[in-house]
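Visitor: fold the following and give me the result.
(chains A and B)
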Amino acid sequence: MELVCPAGSLPALKAAVDNGADAVYIGFKDETNARHFAGLNFNDRKASAALIYARDRGVKVFLAINTYPQPKGWMRWQRAVDQAYDLGLSALIVADMGVLDYASNHYPDLPLHLSVQGSATNHEALNFYHQQFGIKRAVLPRVLSLAQVKQVAESSPVDLEVFGFGSLCIMAEGRCHLSSFVTDESPNTCGACSPAKAVRWEETPRGRESRLNEVLIDRYSEGENAGYPTLCKGRFKVNDSVYNALEEPTSLNTLSLIPELHKTGIKAIKLEGRQRSPVYVEQVVKVWREALDDYNREPERFAPRQEWLESLSKVSEGVQTTLGAYSRPWQ
Amino acid sequence: MRADLLVRFVVPVLGQSTRFIPFGLQKFTLESILPKVLAEAILDGDLECLENRILEVFVRDLNTGWQVTLVNDNIKVMPAMGNADVTISGNAHEFFLLATRQEDPDTLFFQRRLSIEGDTELGLEVKNLLDNVDLDSLPAPLRQALGAATHLSHLLAPTEPKYQ
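Guide: From the prediction side, this is the model:
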């Protein structure tokens, strides 16, 4: 299985390449990608440098143009596709049908991957994207159980990529507008969930208070691990009890599922975290490279090593991990 | 245990020594080094976010800190005064880990070892600018100094302390 790793900066891309990525995915410095945060991502010059560094070492570079163009910005999305083609990137990761249509018509030889934001969860949806836009691969949203992934994989017309590790979205991935509900901006519309300009943290005698557009979404008491300031991971009063009603601060970790994902025919594993620093990329890619190499050497004897799990937990949201939707025995 | 040694002795000793360095010298050193480290960001105009806005780095266990701002494209360093647009605070050990790229800021934030208060977007932008600095392209003496610091910490702390 191909290891697809995140990079929000050139040093992060180098860390991914140096630690065993098969492919690295990046974004331009604007709202055309779902990690549009101040100071993050690549301008043309940095993208060129990234491409050269990766190519020289036999590593592919994908570009995420995975937000939904707003009416006044269509030209910007078009230009991003043009730039990507001129740069000679290995593939585009796209969500919006308009962008897919533009890219497939203008650059039929540029491989297209359907982004997780496209939210295709069954083989009919995949057939549609394949027939209409000739996508080569689709990234499955983290809403499917392992049994469902198997079902989709059995009749998928394209290669499938799944998330292996990283911050977890709740069960409406690619269709979530919770961030818009509070801040008027969401990943699909503006490229950011909980945009930083709407976030305020305050260390108070009662603990760290996390506010989104002035709405208190959580208070972490002394010593309690924290997460990102997203509404889905906040604590809410439900029937007189205050708790993480939607999702706890946690990260997905599927190291233990490597054998099953491989047997299912999954072609690539994606690691989340373009917003993180180069050292995170180094730590996470190193673990996954070792794990995949271990599995490839002796598939029958594969078991995640304790040190890998500890290393991944340490960098996780809330300092804990979960199998997320993959493990839904009741389904 | 040797990790404790680093945390308990070496970093505080190095840190405490800043108290004996006159602020004028700290200011001169930082104002000389930062433009070199951030040369590319300045060239690309990425540091404009700090134009007339103040970032404060506060080291809790030393009860000391610095403010950084940009005035007419020049980086200015001032003592911590608590009037910053955004303040990042943590203990000396955490800043050492960040400076030598041994730990991820979000990781430290999740573990409550780092706080950011005030204008989150400005803090995030500066964090990302620092992540963008390509250590390979830094002037040799700076690169060597960072390398030596990292090496020293590895010698003293081959294993990270465990956090819950």
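Visitor: which stretches in the chain count as helices?
Guide: Assuming you mean chain A. Residue ranges of the helices in chain A, as given by DSSP state H, are A:10-18, A:44-56, A:74-87, A:97-106, A:123-133, A:146-154, A:178-183, A:187-190, A:258-264, A:278-297, A:306-314.
Visitor: meant chain B actually
Guide: With DSSP H as the criterion, chain B has helices at B:2-5, B:11-17, B:23-37, B:39-43, B:92-99, B:105-110, B:120-132, B:140-156.
Visitor: so where's chain A uncertain?
Guide: Applying pLDDT under 70 to chain A flags residues A:171, A:328-331.
Visitor: find the closest residue to chain B in it.
Guide: residue A:39 (3.0 Å; CB to the nearest CB). All C-beta spots, glycine's among them, are computed from the backbone N, C-alpha and C.
Visitor: give me the neighbour count for that residue.
Guide: By the criterion of other CB atoms under 10 Å in any protein chain shown, residue A:39 has 23 neighbours.
Visitor: look up phi and psi at it.
Guide: phi 80, psi 0 (degrees, to the nearest 10).
Visitor: and chain B, which residues reach chain A?
Guide: Contact residues, chain B versus chain A (CB under 8 Å from any CB of the partner chain): B:44, B:46, B:49, B:101-107, B:109-112, B:115-117, B:120-129, B:131-136, B:160, B:162-164.
Visitor: how about the helices of chain A in CSV, adding distance to residue B:32 and mean neighbour count?
Guide: Written out in CSV, the entries for the helices of chain A read as follows (distance: least, CB to CB, whole Å; neighbours: other CB atoms under 10 Å in any protein chain shown):
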stretch, distance to residue B:32, mean neighbour count
helix A:10-18, 23, 25
helix A:44-56, 26, 17
helix A:74-87, 36, 17
helix A:97-106, 46, 17
helix A:123-133, 54, 16
helix A:146-154, 55, 17
helix A:178-183, 40, 19
helix A:187-190, 39, 21
helix A:258-264, 49, 17
helix A:278-297, 25, 21
helix A:306-314, 35, 15
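Visitor: distance to chain B added to these, as CSV?
Guide: Listed next are these as CSV, based on distance: least, CB to the nearest CB, whole Å:
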stretch, distance to chain B
helix A:10-18, 5
helix A:44-56, 8
helix A:74-87, 17
helix A:97-106, 25
helix A:123-133, 32
helix A:146-154, 27
helix A:178-183, 12
helix A:187-190, 13
helix A:258-264, 23
helix A:278-297, 4
helix A:306-314, 7
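Visitor: show me the one of the ones you listed that comes nearest residue B:73.
Guide: helix A:44-56 (19.9 Å; CB to CB).
Visitor: could you tell me the angle between the closest one and helix B:120-132?
Guide: Going by axes from the mean of the first three to the mean of the last three CA atoms, to 10 degrees, helix A:44-56 is angled at 40 degrees with respect to helix B:120-132.
Visitor: distance of residue B:60 relative to residue B:39?
Guide: 30 Å (CB to CB, to the nearest Å).
Visitor: follow-up on the earlier one: so for residue A:169, which of the helices of chain A sits nearest?
Guide: helix A:187-190 (8.7 Å).
Visitor: and whatever residue of chain B ends up closest to chain A, how many neighbours does it have?
Guide: Minimum separation of chain B from chain A (CB to the nearest CB) falls at residue B:128, amounting to 3.0 Å. Per other CB under 10 Å, the neighbour tally for residue B:128 reads 22.
Visitor: and for residue B:136?
Guide: Residues near residue B:136, counting by other CB under 10 Å, number 9.
Visitor: closest one to residue A:247 among the helices of chain B?
Guide: Using CB to CB, the helices of chain B put helix B:105-110 closest to residue A:247, at 14.9 Å.
Visitor: pull the contacting residues for residue A:44.
Guide: Contacts for residue A:44 (CB atoms under 8 Å, 6 or more residues apart in numbering or on different chains) come out as A:83, A:87.
Visitor: from residue B:131, how far out is it?
Guide: Counting by CB to CB, the gap from residue A:44 to residue B:131 is 19 Å.
Visitor: and what of residue A:109?
Guide: In terms of CB to CB, residue A:109 sits 34 Å off from residue B:131.
Visitor: test my guess that residue A:225 contacts residue B:109.
Guide: No. Proximity of residue A:225 to residue B:109 does not meet the contact threshold set by CB atoms under 8 Å, at 9.9 Å.
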